[in-house]
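*Asks:* Show me how the following folds:
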Amino acid sequence: MPVCPSGHLSADAAYCDVCGDVIPRAEPAAACPECGTPRSGRFCEVDGHDFGTGAAHSARQPPMVPAQRTSSPRMTPPGPSAVITADREYFGTVLAQLGPDAPDLSFPPYCPERRVPLLGDQVRIGRRSTSRAILPEIDLSAPPEDPAVSHLHAVLLAQPDGAWHLVDPGSTNGTTVNGGTEPIEVNTPVPLTDGDRVHVGAWTTITLLLQEAPP
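*Replies:* Here you go, the predicted structure:
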């Protein structure tokens, strides 16, 4: 589906269904000459190559996505963490709600489980965009990319007592918890406990492991 400059998915290819912004015409498919990543905007999402000027990023780093996919769980620091999976049951719920639009989505045949530590006061959930300086701690842009996840979809907020709250700042497709069908309210903190499941996008489930502690 077309994506507007604000990152919203839109059924209308000319004007965004969510914010009304004009959606630029799709540019011819191209790949980054530095790393081969398919073009999705002016700047390469992996190394920052500028397609407009042809200039390479001044401090290009090796692509991060493969490293994240192949990282061993043993490298995850002890403490609270989030386990990210492709959830077929949740995907089935999404298809049922979409109705006629369901054939546009397909469940990924291979999507390895990932584990991300919960560090700091906030942990953002979304899809990274180098050109827009959006770098979520739980980055769901790694292949297979969930097409229904917003660039900044949701945020986990650490509380002084060690608990965590979930906030949806206004994602395009909403956020649900523990198999619920009604999205949580925008900008309203929802308390979470150990084992709670956060559902975003078309098939992504994030399970919170909050009671783990250093040995």
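*Asks:* From now on I want contacts and neighbour counts done on CA atoms only, so please keep to that.
*Replies:* OK.
*Asks:* Residue 156 belongs to a strand?
*Replies:* Yes - the assignment for residue 156 is a strand, going by DSSP: H, G, I helix; E, B strand; the rest coil.
*Asks:* Quickly list what it is bridged to.
*Replies:* Per DSSP bridges, the residues bridged to residue 156 are residue 123, residue 166.
*Asks:* Quick check, central residue of this structure?
*Replies:* Geometric centre of the chain, nearest residue: residue 126, 2.8 Å, by Cα atoms, centre = their mean.
*Asks:* check contacts around that one.
*Replies:* Contacts of residue 126 were listed using Cα atoms under 8 Å, 6 or more residues apart in numbering, and they are 136, 138-141, 149-154.
*Asks:* from those residues, which two are the most distant?
*Replies:* Greatest spatial distance among the contacts of residue 126 (Cα to Cα): 141 and 154, at 14.3 Å.
*Asks:* so can I have CSV of the contacts of residue 126 showing neighbour count and distance to residue 172?
*Replies:* Shown next, in CSV, are the contacts of residue 126 (neighbours: other Cα atoms under 10 Å; distance: Cα to Cα, whole Å):
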residue, neighbour count, distance to residue 172
136, 21, 16
138, 24, 17
139, 21, 17
140, 24, 15
141, 19, 16
149, 27, 8
150, 25, 6
151, 24, 10
152, 22, 10
153, 24, 8
154, 26, 11
